[in-house]
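> make a model of this:
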Amino acid sequence: MKRILIVEDDPSVQKSIQHCVQRQGHVAEIFDCVEDAESALSQGSYDLVITDFSLRTKKTGLDLLRLTTQRFPGLPVLLLSGSGETGLEHRALEMGAVRFLRKPFLVSMLQDACAAALARMPVSVPAARPLQHTPTT
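This next block holds a predicted model:
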């Protein structure tokens with residue numbers, strides 16, 4: 001069972017994401033703003049962050065993504081957005097999001113994205129070294 005932090009300000013979307021996560025056997029903790037999510041991240045241990053881009057507060061999902069990649073390296077972040085902003089997906093992935101889902105999305109897409117993010121190898125695993133070529137004589 002994994003702990004998943006969800007940041008979404010629309011109650012109906014909160015419930016949909018929570019239901020999806022719980023059907024996969026995980027625990028969902030829901031917040032409606034970045035500030036509360038920041039506090040929860042500082043106090044607890046999470047396996048995945050799912051955040052909406054546009055929230056009713058000043059901070060956005062990109063702010064949470066930036067904070068997460070800086071303070072909690074290796075913690076995967078899945079960004080959701082109903083915004084038609086050009087380049088948002090590219091920017092989110094470039095900043096370290098493991099996946100970007102544009103709303104509306106199918107439940108199966110969210111389930112697949114969560115499963116893939118949770119299955120990732122930890123960042124602390126050292127990268128494999130390239131094989132050394134030894135010339136033969």
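> low-confidence stretches in this protein?
Within the chain, the stretches with pLDDT under 70 are 121-137.
> so where do the helices sit in it?
Shown for the chain, the helices assigned by DSSP state H span residues 11-23, 34-43, 61-71, 88-95, 107-119.
> ok, and for the shortest one, which residues are buried?
This means helix 88-95. Residues of helix 88-95 classed as buried: 88, 89, 91, 92 (neighbour count, 16 or more other CB atoms under 10 Å). Every residue, glycine included, has its C-beta placed from N, CA and C.
> go on, the second one?
Taking 16+ other CB under 10 Å as the basis for neighbour counts, the residues of helix 34-43 that come out buried are 34, 35, 37, 38, 40, 41.
> check contacts around the nearest residue to residue 4 once chain neighbours are set aside.
In space, residue 4 comes closest to residue 48 once its chain neighbours are excluded; the distance is 4.7 Å by CB to CB, 6 or more residues apart in numbering. Neighbouring residues of residue 48 by CB atoms under 8 Å, 6 or more residues apart in numbering: 2, 3, 4, 5, 75, 76, 77, 78, 114, 117, 118.
> for residue 116, same thing?
Applying CB under 8 Å, 6+ apart to residue 116 gives the contacts 98, 99.
> rerun at 10 Å
76, 78, 98, 99 (CB atoms under 10 Å, 6 or more residues apart in numbering).
> could those go into JSON lines alongside distance to residue 63 and neighbour count?
Converted to JSON lines, the contacts of residue 116 look like this (distance: CB to CB, whole Å; neighbours: other CB atoms under 10 Å):
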{"residue": "76", "distance to residue 63": "17", "neighbour count": "25"}
{"residue": "78", "distance to residue 63": "15", "neighbour count": "24"}
{"residue": "98", "distance to residue 63": "17", "neighbour count": "19"}
{"residue": "99", "distance to residue 63": "18", "neighbour count": "20"}
